[in-house]
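> sharing a model that was predicted from the sequence below.
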Amino acid sequence: MAGSLSDLQKLLIRASKEIPDKALRVIGVEGKKFITKNFRDQGFTDTGLEKWQERKTVDKMGIDSTRYRTNRVGRSGSLNRFGSRNTDRAVLVGFNTGGDKLKNSFKYQVSKGSNRVVFRTYKGYAKRHNEGLDDMPKRQFIGKSAYLNRQIADKIKRELDLILR
């Protein structure tokens, strides 16, 4: 008989052995995708997208560094070097998209003994940006999120469906 009780019991035993490890990997992968998504969207997604505060473009003298300057006779000049690189640049992202940037610095570590996933970065200023410390505006990119929980639950459900086929 194809659908006997013993077959179901074997499937459930197999699922109980495989799901904890797969769930930890899913949490790590989906968490990393979530961080990348928040950098791409320039905000934090919980129940909705909360956009980050814009970058400060005014210098210490109150002059907007992203505006064109005029020369002495009134003709429009050019942007200074800082202004030309920062005009349409995304928040918390460097001048070029790749390389040693905050959004590329996140790694996750799965600890099977304690059944947890830890996200790490070697960038010292990540906490300052994420929590808004030392007069820095809060630009959260990781934390508790209903969106992330939903993504993880959907992925684990798909993994469970594959095992129980």
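Now that the structure is in, tell me what you want to look at.

> assign a three-state SS to the closest residue to Leu102 other than its chain neighbours, would you?
Once flanking residues are discounted, Leu102 sits nearest to Lys123: 5.3 Å by Cβ to Cβ, 6 or more residues apart in numbering. From N, CA and C alone the C-beta is placed, and that goes for glycine too. At Lys123, secondary structure determined by DSSP: H, G, I helix; E, B strand; the rest coil is coil.

> wait, Lys123 sits on Lys103?
No - assessed by Cβ atoms under 8 Å, Lys123 is found out of contact with Lys103, at 9.9 Å.

> what about the strands in the chain?
43-45, 49-51, 107-111, 116-120 (DSSP state E).

> figure out which of the ones you listed is closest to Glu131.
Proximity to Glu131 (Cβ to Cβ) singles out strand 43-45 among the strands of the chain, at 11.7 Å.

> helices or strands up against that closest one?
helix 5-41, strand 49-51 (3 or more Cβ pairs under 8 Å, 6 or more residues apart in numbering; DSSP states H and E).

> chain center to that strand, what's the gap?
8 Å (Cα atoms, centre = their mean, to the nearest Å).

> and it, which strands flank it?
Strand pairing for strand 43-45, determined by DSSP bridges: strand 49-51 (antiparallel).

> nearest the geometric middle of the protein, what residue?
Taking Cα atoms, centre = their mean, the centroid of the chain lies closest to Ile35, which sits 1.1 Å from it.

> so where's this structure uncertain?
1-2, 64-100 (pLDDT under 70).

> check the gap between Ser145 and Glu18 for me.
26 Å (Cβ to Cβ, to the nearest Å).

> between those two, which one's more packed in?
With neighbours defined as other Cβ atoms under 10 Å, Ser145 and Glu18 compare such that Ser145 has more, 18 against 14.
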